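Enquirer: mind looking at a prediction? Sequence and model below.
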Amino acid sequence: MDFDNSSPEEIIHLAEEGDFEAQYNLGLMYEMGMGVKQDFDSAYKWYLKSAKQSHPKSQYNVGVFLAIGKGVEKNVMLAKEWIKKANKNGYSGGIF
C-alpha cells in the first residue's frame with residue numbers, strides 16, 4: 001500500500017487491523033504530529049505493536065524511545081535489546 005497517499009483514517013484502520021507497516025506509519029504520524037495531534041505515548045504504543053511483528057524500523061524506534069525516555073519510562077538495557085533486534089532484522093541504523 002502507498003501510505004504517502006493514504007488518509008490518516010485509512011492508516012488508523014489498517015493499524016487497528018494489525019498491519020505492521022500501517023502501525024509503523026501511525027507511530028511516525030503520532031511522533032511527528034502528521035495528520036494527528038503529536039503524542040509520544042501513542043507513537044510508542046504503535047511502534048511497539050509493529051516491532052513485536054518484527055518490523056525493523058519500529059524495533060529501532062522502540063529502542064530509541066526507551067533509550068531517551070520518549071513517551072515511555074527510560075530503560076537503556078531494554079533499548080539495547082530492541083536496537084539489536086532491529087539490526088538482526090536488517091536495519092543498518094540499528095547498531096548499538
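Expert: Received the coordinates, thanks.

Enquirer: now do the helices in this structure.
Expert: Along the chain, the segments classed as helices by DSSP state H run 8-16, 20-32, 40-51, 56-68, 76-88.

Enquirer: output the contacting helices and strands for the shortest one.
Expert: Helix 8-16 sits against helix 20-32, with contacts defined as 3 or more C-beta pairs under 8 Å, 6 or more residues apart in numbering; DSSP states H and E. Yep, even glycine has a C-beta here, placed from its N, CA and C like the rest.

Enquirer: how much does the helix it packs on deviate in direction from helix 40-51?
Expert: If you take axes from the mean of the first three to the mean of the last three C-alpha atoms, to 10 degrees, helix 20-32 sits at 160 degrees to helix 40-51.

Enquirer: pull the residues that contact helix 20-32.
Expert: With C-beta atoms under 8 Å, 6 or more residues apart in numbering as the test, helix 20-32 has contacts from 1, 3, 8, 11-12, 14-15, 34-36, 38-40, 42-47, 49-50, 53-55, 57-58, 61.

Enquirer: from D41, how far out is the most centrally placed residue in the chain?
Expert: Centroid check for the chain by C-alpha atoms, centre = their mean gives Y47 as the closest residue, at 2.4 Å. Counting by C-beta to C-beta, to the nearest Å, the gap from Y47 to D41 is 11 Å.

Enquirer: just to revisit the earlier point, mind putting the helices of the chain into JSON lines with mean pLDDT?
Expert: Converted to JSON lines, those look like this (pLDDT from 0 to 100):
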{"stretch": "helix 8-16", "mean pLDDT": "96"}
{"stretch": "helix 20-32", "mean pLDDT": "97"}
{"stretch": "helix 40-51", "mean pLDDT": "98"}
{"stretch": "helix 56-68", "mean pLDDT": "97"}
{"stretch": "helix 76-88", "mean pLDDT": "96"}
